[in-house]
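Need a 3D model of the following:
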Amino acid sequence: MYLIGYDEHFKSVCKTGWGCGYVAIPADSEIVKQHFARIEEEQSQTDYYVSDYLQIGEQEITWTQSQTLNGVDYLVIGFDTAHSYNSSKHDFEYVFTETQKLLTEVNDLLNK
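Residues are numbered from 1 along each chain as shown. Presented below is the predicted three-dimensional model:
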């Protein structure tokens, strides 16, 4: 789990939230395999781009990217608070708490 806060200039211009929260999921986990299998299946049935949107729990995942961290492959998922529906109430405490919830939900899925 890691957090990245926006710089003060960005926050003053956008007038949205504090920043972003991320959780890394091992790429060889079943939930990641199922996610990419769904994308592949949907893409094979259509001639338009299929989003790689991933929903885990209640937090809307607005960012996913494959990354290698310390030699291990992960799918890093996260959310940001720079949308028009975000506001100053989406502060550090909000991002921290929501990222912890996301981490707990991911761990619960991994331990099933």
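
how about the helices in this protein?
Using DSSP state H, the helices of the chain run over residues 8-14, 30-44, 92-110.

buried set for the first one?
Read it as helix 8-14. Neighbour-count burial for helix 8-14, counted by 16 or more other Cβ atoms under 10 Å, picks out K11. Bear in mind the C-beta positions are built from the backbone N, C-alpha and C, glycine included.

Pull that helix out as CSV, backbone CA atoms only.
The C-alpha trace of helix 8-14 is given here as CSV (Å, rounded to 0.1, in the frame of the first residue of the first chain):
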residue,chain,number,x,y,z
GLU,A,8,0.0,22.4,-3.4
HIS,A,9,-0.2,24.1,-6.8
PHE,A,10,-2.2,21.2,-8.2
LYS,A,11,-4.6,21.1,-5.2
SER,A,12,-5.1,24.9,-5.4
VAL,A,13,-5.9,24.8,-9.2
CYS,A,14,-8.0,21.7,-9.2
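
Check what contacts that helix and list those residues.
The contact list for helix 8-14 (Cβ atoms under 8 Å, 6 or more residues apart in numbering) reads 6, 18, 82.

Now that helix: average pLDDT?
Throughout helix 8-14, pLDDT has a mean value of 89.

And for stretch 85-102?
Mean predicted confidence for stretch 85-102 is 93.

If we ignore the residues flanking it in sequence, what's nearest the spatially most central residue of the chain?
With distances taken as Cα atoms, centre = their mean, G78 lies nearest the centre of the chain, 1.9 Å away. Using Cβ to Cβ, 6 or more residues apart in numbering and skipping residues adjacent in sequence, the residue nearest G78 is Y22, 3.6 Å away.

what does A27 give?
The shortest distance from A27 to any non-neighbouring residue, by Cβ to Cβ, 6+ apart, is to D73 (3.8 Å).

The one you found contacts I25, correct?
No: in this structure, D73 is not within contact of I25 by Cβ atoms under 8 Å, at 10.1 Å.

quick one: which of those two has more around it?
Applying other Cβ atoms under 10 Å to D73 and I25 shows that I25 carries more neighbours, namely 21 against 13.

Just confirm that one contacts F36, I think it does.
No: between I25 and F36 there is no contact under Cβ under 8 Å: 11.6 Å.

Noted, bye for now.
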